[in-house]
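Asks: Please work out how this folds:
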Amino acid sequence: IRLRRDSLRLYCAPAINLFIHHAEAITLDNRRADYPLVPSRHYPEHYDVFSVNGVISQVQDMFRKKDLGRPVSTQAARQWPAFESFSHQMEYSRKREVVYWHHRTKTSLFHRGFDHTLAFIHADGSYPSDESLLSNEVVSVSLTCTNRELPSQIRSGDITGTTGKNAAVASFRNITRPTQPLWPVIDGSLHWSLLSAMN
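Replies: Numbers count the residues shown, from 1 in each chain. This next block holds a predicted model:
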């Protein structure tokens, strides 16, 4: 690489197009193995899933109020553990009651990139047979997203303002155009190659 006078810039920092976003709500109904993970139904081309941060659901608990004698609905949030987490020892103490969420990806047939789904499984990868474990709950999924290929339309100098609550303490601008997104290749054999390289 030959360095020129304009190869290095002072007072610069890299920027990445990642932000927190919530997926469309998912209703568990025990009728499917995987549930589509959709960041936005209205603007699907504006969002792509980078990672899943957390999964919670609202459980409807019905109990009888003593003084009035009528059913009352209360909501309690359930925090689902990730399949890739280190909490699988809970499976031994609670038999097969523990259900994990698992983020799955596959190459999309309709657009560049991947289709994302969310599965609810036991530690051994099997699906819950007890319907009470996946009752009619509304699931909220926290995501880290990108804007897909939208940033590639930005020209040099277009980014000059901040978003969110934190105001900028200095002026800034982008000195280059954002690069095109590059999706990884999904190939099961690559996992074995990685494990071999780590040994």
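Asks: what's the closest non-adjacent residue to residue 159?
Replies: Leaving aside its sequence neighbours, residue 159 sits nearest to residue 174 (C-beta to C-beta, 6 or more residues apart in numbering; 4.2 Å). Backbone N, C-alpha and C define where each C-beta goes, glycine included.
Asks: Can you give me the neighbour number for residue 30?
Replies: For residue 30, the count of nearby residues is 15 (other C-beta atoms under 10 Å).
Asks: you'd agree residue 34 is up against residue 116?
Replies: No. Using C-beta atoms under 8 Å, residue 34 is not in contact with residue 116, being 9.5 Å away.
Asks: just to revisit the earlier point, tell me the SS of the residue nearest to residue 159?
Replies: Of the three states, residue 174 takes coil according to DSSP: H, G, I helix; E, B strand; the rest coil.
Asks: so how far is residue 83 from it?
Replies: For residue 174, the distance to residue 83 (C-beta to C-beta, to the nearest Å) stands at 38 Å.
Asks: Distance of the residue nearest the centre of the chain relative to residue 105?
Replies: The residue lying closest to the centre of the chain (C-alpha atoms, centre = their mean) is residue 52, at 2.4 Å. Taking C-beta to C-beta as the measure, residue 52 falls 10 Å from residue 105.
Asks: Ok, residue 33 next?
Replies: 15 Å.
Asks: Equivalent analysis for residue 9, please.
Replies: From residue 9 to residue 105 the distance is 36 Å (C-beta to C-beta).
Asks: what does residue 177 give?
Replies: 27 Å.
Asks: ok, now residue 80?
Replies: For residue 80 relative to residue 105 (C-beta to C-beta), the value is 18 Å.
Asks: what about the residue nearest to residue 47 when sequence neighbours are not counted, how many residues close to it?
Replies: Nearest non-adjacent residue to residue 47, counting by C-beta to C-beta, 6+ apart: residue 39, 3.6 Å away. Per other C-beta under 10 Å, the neighbour tally for residue 39 reads 20.
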